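>>> got a sequence here, can you model it:
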Amino acid sequence: MTYKILHIDNQMVAARLLVLGIYPGKTIELVRKAPFGGACYVRVDQAFYVLRRQEWDSIIKQELAGS
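Residues are numbered from 1 along each chain as shown. This next block holds a predicted model:
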């Protein structure tokens, strides 16, 4: 599924994601979720990242049509 990042709720998480190049306005694709509330494997631009579930949940996102 592909999303547009609208906002990041947690300021500490927002600072970490900003360093990685993940910020509001970017498109983020959820590639895979680990079972039992584990990490999320995502793609932003051409880079892949593993986000903690807390980080993923703090991203306010809008699903893009056709994803």
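>>> all strands for this protein, in order.
Here the chain has its strands, by DSSP state E, at 2-8, 27-33, 40-44, 47-51, 59-63.
>>> which of those strands is buried the deepest?
Of these, the one with the most neighbours on average (mean count of other CB atoms under 10 Å) is strand 40-44, at a mean of 18. For the C-beta atoms, the positions are set from N, CA and C on the backbone; glycine is no exception.
>>> pretty sure residue 49 contacts residue 21?
No: between residue 49 and residue 21 no contact is recorded; they are 9.1 Å apart, counting by CB atoms under 8 Å.
>>> other residues contacting the lengthiest helix in the chain?
Longest helix of the chain, by residue count under DSSP state H: helix 11-20. Applying CB atoms under 8 Å, 6 or more residues apart in numbering, the contact partners of helix 11-20 are 8, 23, 44, 47, 49, 51, 54-55, 58-59.
>>> 7 Å instead?
Contacts to helix 11-20, defined as CB atoms under 7 Å, 6 or more residues apart in numbering, come from residues 8, 23, 49, 55, 58.
>>> quick one: residues contacting the residue positioned nearest the centre of the chain.
Nearest to the mean C-alpha position of the chain, by CA atoms, centre = their mean, lies residue 56 at 5.1 Å. Each residue near residue 56 by CB under 7 Å, 6+ apart is listed here: residue 40.
>>> any idea how far residue 41 is from it?
10 Å (CB to CB, to the nearest Å).
>>> same thing with residue 57?
15 Å.
>>> pLDDT at the closest residue to residue 49 other than its chain neighbours, what is it?
Nearest residue to residue 49 in three dimensions, chain neighbours excluded: residue 42, at 5.4 Å (CB to CB, 6 or more residues apart in numbering). Per-residue pLDDT puts residue 42 at 97.
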